[in-house]
Structures are given as structure tokens and as C-alpha cells.
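1. Okay, here's the prediction I keep looking at, along with the sequence it came from:
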Amino acid sequence: MKVLVINGPNLNLLGKREPEVYGSKSLADLFENLKVEFPELSLTHFQSNIEGELINQIQDAENVMDAVVLNAGGYTHTSVALRDSIAAVSVPVIEVHMSNIAAREEFRHNSLIAGVCIGSIAGFGSNSYNLALQAIITYLGSGQ
């Protein structure tokens, strides 16, 4: 299975940015750990602070990737364009957040992308990604 892991704005600062919220692992460490934990998956990673680049990656995943794990960062709450790109492709997308967005500031409670994703996982730190990959394995294995 080919899975694209996309990280949005400010996630390049993992390990430095608010470690009490996001932990001390860098984004590179997080992705390397995923490759070790899921050797049966062909994992590709992309990170950008630019909304259009995230949209391009989602569109380019069509007919190339089996699934996408997306941590859209702050765009989760603001980007209709990102939502539209997910809705426009048939590749399944799982929304991921390291923090529990429902327990944070009120403006973070609303996800514009959740309704077009096959599921959402939030609040388990870097393990949110592991849970998303487990969910993809189950989802695709069940013939969805």
C-alpha cells in the first residue's frame, strides 16, 4: 500500500514549537518512526506552509497513492479550497491532529475538512499518525 503523509503549516517546527502540546520529536523523527513501525507500507512524506502546494499534493495523489494521511494544521479551520481538493479526489484521506482540537481554542473546534475525510484522529500526539496508518490498513483491507 502506498500512503502519502502530508503535513501543513508550522509542522516543520515540530520538536521546537510548543513541545508541551506537540512533543519533542522533529517531523523527520516522526516520519522515520512511521517507516520503522509500518515496514509493509510504502510511505511518502510532504510538508509545506503553502496551501496551494498541499492542494497539489492531494490532487497528484489520485491514481498514484492508495491513501493520504493529512495534518492540515491551521488550514483545517480555514481552507475551503483544501476541503474542495479532498472532495474532488477518490483517494481516501484521514485527517490527523496531534493535539485534541476540540479541547483547544474555540476557533480550532471546527474542521472544514472532516466532512470529506474518511475519518479523523486527534489528541494522541505523534501516535495520531500511527493510529491513522492502522485505520488505513483496516479500511483498505476491508475492501472499502
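-> Sure, I can see it. Numbers count the residues shown, from 1 in each chain.

2. Just to check, Ile58 is in contact with Ser85?
-> Yes. Between Ile58 and Ser85 there is a contact at 4.6 Å, judged by Cβ atoms under 8 Å. Where you see a C-beta, it was placed from the backbone N, CA and C, and this is true even at glycine.

3. Report the set of residues contacting both of those two.
-> Shared contacts of Ile58 and Ser85, defined by Cβ atoms under 8 Å, 6 or more residues apart in numbering, are absent.

4. And for the most centrally placed residue in the chain, nearest residue in space, chain neighbours not counted?
-> Nearest to the mean C-alpha position of the chain, counting by Cα atoms, centre = their mean, stands Leu70 at 2.0 Å. Of all residues not flanking Leu70 in the chain, Ile6 sits nearest, at 4.8 Å (Cβ to Cβ, 6 or more residues apart in numbering).

5. so that neighbour is in which element?
-> If you go by DSSP states H and E, Ile6 is part of strand 2-7.

6. helices and strands around that strand, which ones?
-> helix 27-37, strand 42-47, helix 51-61, strand 67-71, helix 127-141 (3 or more Cβ pairs under 8 Å, 6 or more residues apart in numbering; DSSP states H and E).

7. if you set the cut-off to 10 Å instead, what comes out?
-> Counting contacts by 3 or more Cβ pairs under 10 Å, 6 or more residues apart in numbering; DSSP states H and E, strand 2-7 packs against helix 27-37, strand 42-47, helix 51-61, strand 67-71, strand 93-97, helix 127-141.

8. tell me, how many neighbours does the residue nearest to Leu70 end up with?
-> Other residues near Ile6 come to 23 when the count uses other Cβ atoms under 10 Å.

9. and what of Glu32?
-> Applying other Cβ under 10 Å, we find 14 residues neighbouring Glu32.

10. correct me, but it touches Lys25?
-> Yes. Judged on Cβ atoms under 10 Å, Glu32 makes contact with Lys25 at a distance of 9.4 Å.
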